[in-house]
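In: I would like to see how this sequence folds:
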Amino acid sequence: MTVPPLLRPRARSRSLVLLVALASCSSPAGTPLGGPAPVAYAGKAQPPAILRDVSMIDDDNQWNNPFVPGLRTTMDGRVALRVQGGPSTLSFYLFRPESLDEPILTSPAGAHLLADTTPVQVVLPPAAEPNLLRVGHHAICDPTQEFPVDGEQPNPYACGADLANDCYDITVISSISQSFRAVRMWGTPVTVEVASPKTRDANIVRVELGASVQGVEISLSPEFAEVAVTNDGRLLTGRVGGAARYWTNPNTGEELLRSYDLMYSVLPSGADPCDITAWTDFHPMSHAPFDPNMRHYGLAAYPFRDTEGRLIGDGEDMGGSYPWVDREGSNMFMTGVPGYITEQSEEDFPRRCVVEGCEQFTYAMDFDRGFLVAGLWTHGKLVHLDARINNVDWSVGSRPDAHYLVDLYEDEQGDPVAVRFGAGRGLGTSAPGYPGNENILDSLQNMLNHHPAARPITPRDVVWVMSSGVATDEVVFDDFLDPRAFIVSNMQASVTQLLDYRGFSTGVPVHWNGQHRDIGVNLGISNQRSYRLDHMVDEDVHIQNAATSLGFQVPPYGLVEAGTGRTEPVALGGFYGRGFWLDGTNRIAYEVPAQAEPLESDWYIGLFVDVRSADGATRSLLSFPDGSSVRLVDRDTLQYVRDERVMHAVTLPESSAGWVHLGWNVRDRNRELTLLVDGFPFDRFDSGRPFFLLPEGTLALGRGPDRLAGDADAGVRGWVDDFKVLAHDVDLEIACNHAGGTLVALSGDTLASTAAIYPEWAHAEVAQSVRREAGGRYACFHDYSADNAATLANIPAGAESLRNTIIFPEGPLRAGVPRPDSSDNAFCLSCHSSSGVGPMGLEALALHPGVNLEDDPRRQPHQPPRRVFGNIPGGWIPAGEGEGSPDEPMRAPPEGVLIDRWVLAH
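Out: Numbering: from 1, shown residues only. Next up is the predicted model:
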């Protein structure tokens with residue numbers, strides 16, 4: 001079937017596209033608006049400032065970047081299991097953070113967190129039976145939690161000769177099928193023994209399997225894939241492949257027939273953790289927020305919404321595949337982007353093989369790329385992530401002889417600039433540590449954060465190192481948590497779902513990247529549909545708005561009219577990940593909805609821009625629905641404009657090329673505009689009239705409204721990324737974070753030239769905010785030359801981090817005393833609110849007298865697990881803010897050892 005007309009975007013046939021050059025007019029009487037700017041469609045984008053690798057694998061079948069395989073692990077993040085194992089085997093690895101000498105993202109290319117890139121393989125007896133159709137996916141069930149529970153048997157425990165080793169008793173959950181009609185679940189007790197535990201020499205020396213136990217048979221599917229189990233051993237999640245099946249809503253008794261994929265099962269209260277025989281009732285993931293048995297899992301805190309804010313009803317399919325649920329059950333991840341490289345237009349994407357003969361390889365149509373997240377940290381709204389884990393939108397082989405060179409860009413002379421495409425799906429690589437499937441996601445979360453080199457380095461607060469089967473990156477969640485975010489655009493396309501004529505889910509995602517697909521039959525056995533790409537039709541592009549607020553109406557997306565722009569098919573064009581090319585004639589238009597109550601607040605606005613014009617013309621950057629706008633003259637001058645009059649002009653710091661970040665703290669009823677350049681205050685304009693108001697209307701990035709005389713008004717030409725509008729101002733550190741940096745105090749000549757760019761009053765305001773004497777010098781430490789060039793881990797000598805002083809003045813966290821009262825901390829209130837559910841409410845910030853930090857169930861996302869078990873080597877945790885672990889080796893008691901004193905001040 002094709003997409004129903006009412007559900008399809010506005011489309012444009014390419015045969016009707018006319019490229020027209022329009023002249024701009026001069027400004028009316030008064031302050032001139034700027035010189036002429038030609039309005040002409042400019043063809044392909046110019047090469048981005050950062051041409052990062054997106055193919056992941058080099059010509060020698062080795063990793064191009066640091067890599068942590070996406071594996072299922074024990075709850076200490078050490079023993080790891082390949083999800084998609086061999087035909088009859090389980091494949092075990094060991095993560096060894098003690099081997100790290102520098103942060104994961106800046107370490108040498110390769111899978112260095114693994115003790116050995118060759119797994120320990122053992123035969124799984126049920127998988128060795130003859131005449132099996134498929135040995136499916138596997139997960140570890142390890143009910144080792146932060147706080148003791150009755151009857152617990154936490155991992156690891158001391159074992160082996162002289163009790164010098166660590167052992168883990170776990171249950172491996174597997175799915176095995178004999179036909180396409182059903183899949184059988186299995187649970188297998190496994191003991192894994194690790195020698196020299198928690199040291200640089202740690203390695204697996206023994207894996208023993210007990211007797212496998214049969215679980216439920218799931219009909220109408222040969223698979224229960226991407227299996228995961230939470231750290232209480234009670235919530236099992238995975239997918240069943242998308243075949244149409246009946247499901248009866250236990251709350252209403254209503255029977256639904258849908259093409260379900262993502263499913264879950266939660267153990268009844270009387271069952272033991274990891275009991276494979278007790279997972280019998282499976283429900284579509286959308287039912288979780290309505291299921292009383294799911295109330296203590298964060299992913300069920302809010303009803304799910306798609307990326308454009310539409311409710312996903314109870315019992316509807318989620319419209320994605322390849323799920324992963326984190327260890328606490330707080331967030332659900334899935335994929336939702338279809339396509340393969342050989343279906344793409346040769347005219348739009350000229351390409352050639354890296355190694356002759358790559359055209360012989362064929363690819364299945366599926367939607368196992370494009371990771372999204374929804375749950376507690378997104379108020380239930382799906383968000384399309386922008387990171388290297390979404391390295392490419394299309395299926396293209398991982399091994400080098402399947403790679404393509406695609407002419408994505410043109411330089412200033414009009415010559416093509418090729419990008420190497422690879423590692424999307426299929427034709428797996430032999431790179432060391434490759435886990436056998438490109439599209440399986442996992443994260444070590446905070447499991448290894450006791451080790452300094454394993455901690456995230458991005459200057460934000462809620463950050464995870466996340467991995468697919470081919471890529472590792474840090475993913476930031478702060479902006480999705482913000483209950484007063486209005487626009488958060490990472491330049492990814494929206495992903496929604498095709499609905500049938502009744503408005504019911506079909507299980508088919510719609511990727512709003514501007515391409516038109518006729519969608520046909522459900523193949524019924526996997527996450528595959530018949531998608532036919534029509535090269536002759538362009539659709540509107542929907543730039544995702546990842547603001548998740550429930551407190552007011554946010555624009556559902558940014559509209560790019562059909563045929564006027566594209567989303568990047570690889571993680572390029574952005575300061576980080578994807579960006580959007582503004583060619584001077586196009587724009588991203590956000591329709592600001594009417595609000596039940598006026599949004600009377602301070603604001604923060606920010607974006608990265610890489611201007612490529614140098615003609616002296618005034619071009620529109622931002623146009624607000626109140627008629628005010630921001631314009632740029634090349635990279636030199638910024639103007640505030642109203643009624644086609646320049647009300648204030650700012651000469652920008654000299655910048656010949658590359659990214660610049662522009663931000664504004666908008667205060668005093670939108671009359672005080674503080675401009676931040678590259679994250680540091682640069683100019684302040686006090687206006688008699690408000691600017692940047694957001695009544696109902698259009699907020700545009702790029703080409704603005706036509707001028708009063710009727711002439712088209714050219715927009716900025718260049719790349720943009722990370723456009724944010726927040727219904728609150730931000731402190732100096734967070735403003736710097738939005739600009740990709742962190743605030744530092746300077747001594748000597750360190751960053752002196754950077755500090756000298758900014759006015760004295762800006763340095764004085766920083767000094768006042770950190771309660772220091774005036775006269776000091778400060779900077780937003782940043783580096784836009786490459787990914788991760790400026791991080792929390794490489795602050796230069798002569799620069800002192802001010803991060804915690806600004807965002808956590810009541811801190812630091814200290815062991816042996818209660819957590820401080822953060823109820824009035826503005827930074828904390830950018831995530832926690834009176835309407836927040838569970839840990840996102842205000843109770844999470846309150847002082848609990850008499851409850852010491854190490855006994856407090858409230859933990860910040862970056863804190864490592866509070867208990868450690870088994871053998872603990874001497875000097876295992878080095879002294880830092882905390883005292884470090886004992887110099888002499890020790891053995892934890894059965895209930896574990898609390899480590900907060902070792903890692904925190906006290």
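
In: CA atoms for contacts and neighbours, from now on please.
Out: Noted.

In: what is the neighbour count of the residue lying closest to residue 287 once chain neighbours are set aside?
Out: Closest residue to residue 287 apart from its sequence neighbours, by Cα to Cα, 6 or more residues apart in numbering: residue 314 at 4.9 Å. Neighbour count for residue 314, taken as other Cα atoms under 10 Å: 17.

In: in this structure residue 314 contacts residue 290, no?
Out: Yes - counting by Cα atoms under 8 Å, residue 290 is a contact partner of residue 314 at 7.0 Å.

In: overlap of the contact sets of those two?
Out: Here residue 314 and residue 290 share no contacting residue, scored by Cα atoms under 8 Å, 6 or more residues apart in numbering.

In: measure the residue nearest to residue 287 to residue 504 for me?
Out: Distance from residue 314 to residue 504, counting by Cα to Cα, to the nearest Å: 11 Å.

In: would you map the helices across the stretch 51-200 of the chain?
Out: Along the stretch 51-200 of the chain, counting by DSSP state H, counting those that start in this stretch, no stretch forms helices.

In: low-confidence ranges in it?
Out: Counting by pLDDT under 70, not a single residue of the stretch 51-200 of the chain qualifies.

In: re earlier: report pLDDT for the residue nearest to residue 287.
Out: Looking at residue 314, its pLDDT is 99.

In: could you list every residue that touches it?
Out: Applying Cα under 8 Å, 6+ apart, we find residue 314 in contact with 286, 287, 290.

In: the last one: how many residues sit nearby?
Out: Counted with other Cα under 10 Å, residues neighbouring residue 290 total 19.

In: nearest spatial neighbour of the residue nearest the centre of the chain, skipping sequence neighbours?
Out: Using Cα atoms, centre = their mean, the residue of the chain that lies closest to the mean C-alpha position is residue 385, 3.8 Å off. Distances taken as Cα to Cα, 6+ apart place residue 372 nearest to residue 385, at 5.5 Å, with adjacent residues excluded.

In: quick one on the thing from earlier: what about the residue nearest to residue 287, which helix or strand?
Out: Residue 314 belongs to no helix or strand when assigned by DSSP states H and E.

In: now it. Its backbone dihedrals?
Out: phi -60, psi 120 (degrees, to the nearest 10).

In: quick check: it vs residue 323, distance?
Out: 18 Å.

In: cool, and residue 510?
Out: For residue 510 relative to residue 323 (Cα to Cα), the value is 17 Å.

In: hmm, back to that, right, and the residue nearest to residue 385 touches residue 333 too?
Out: Yes - Residue 372 is within contact range of residue 333, at 5.5 Å (criterion: Cα under 8 Å).

In: the chain: helices as residue ranges?
Out: Under the criterion DSSP state H, helices of the chain are mapped to 478-481, 732-738, 752-755, 760-769, 803-807, 900-903.

In: would you turn those helices into CSV with mean pLDDT, mean neighbour count and distance to residue 535?
Out: Shown next, in CSV, are the helices of the chain (pLDDT from 0 to 100; neighbours: other Cα atoms under 10 Å; distance: least, Cα to Cα, whole Å):
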stretch, mean pLDDT, mean neighbour count, distance to residue 535
helix 478-481, 98, 21, 34
helix 732-738, 99, 25, 37
helix 752-755, 97, 15, 48
helix 760-769, 98, 17, 52
helix 803-807, 97, 17, 49
helix 900-903, 97, 22, 57
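
In: can I get these in a markdown table with distance to residue 400?
Out: Shown next, in a markdown table, are these (distance: least, Cα to Cα, whole Å):
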| stretch | distance to residue 400 |
| --- | --- |
| helix 478-481 | 36 |
| helix 732-738 | 36 |
| helix 752-755 | 42 |
| helix 760-769 | 50 |
| helix 803-807 | 43 |
| helix 900-903 | 43 |
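
In: can you pull the pLDDT of the closest residue to residue 567 other than its chain neighbours?
Out: What sits nearest to residue 567 in space, not counting adjacent residues and going by Cα to Cα, 6+ apart, is residue 513, at 5.6 Å. As predicted, residue 513 sits at a pLDDT of 98.

In: how many other residues sit next to residue 513?
Out: 24.

In: in the stretch 601-750 of the chain, which spans are strands?
Out: 603-611, 618-623, 628-633, 637-642, 645-651, 660-667, 672-677, 680-686, 697-702, 717-726, 742-746 (DSSP state E, counting those that start in this stretch).

In: now do the second one, average pLDDT.
Out: It refers to strand 618-623. The model assigns strand 618-623 a mean pLDDT of 96.

In: what's the end-to-end length of stretch 612-626?
Out: End-to-end for stretch 612-626, by Cα to Cα: 28 Å.

In: residues contacting the spatially closest residue to residue 249 that is not a sequence neighbour?
Out: The shortest distance from residue 249 to any non-neighbouring residue, by Cα to Cα, 6+ apart, is to residue 255 (6.3 Å). Residues in contact with residue 255 (Cα under 8 Å, 6+ apart) are 246, 247, 248, 249.

In: with pLDDT and neighbour count added, can I get the residues you listed in CSV?
Out: Formatted as CSV, the contacts of residue 255 follow (pLDDT from 0 to 100; neighbours: other Cα atoms under 10 Å):
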residue, pLDDT, neighbour count
246, 97, 12
247, 98, 17
248, 99, 13
249, 99, 17
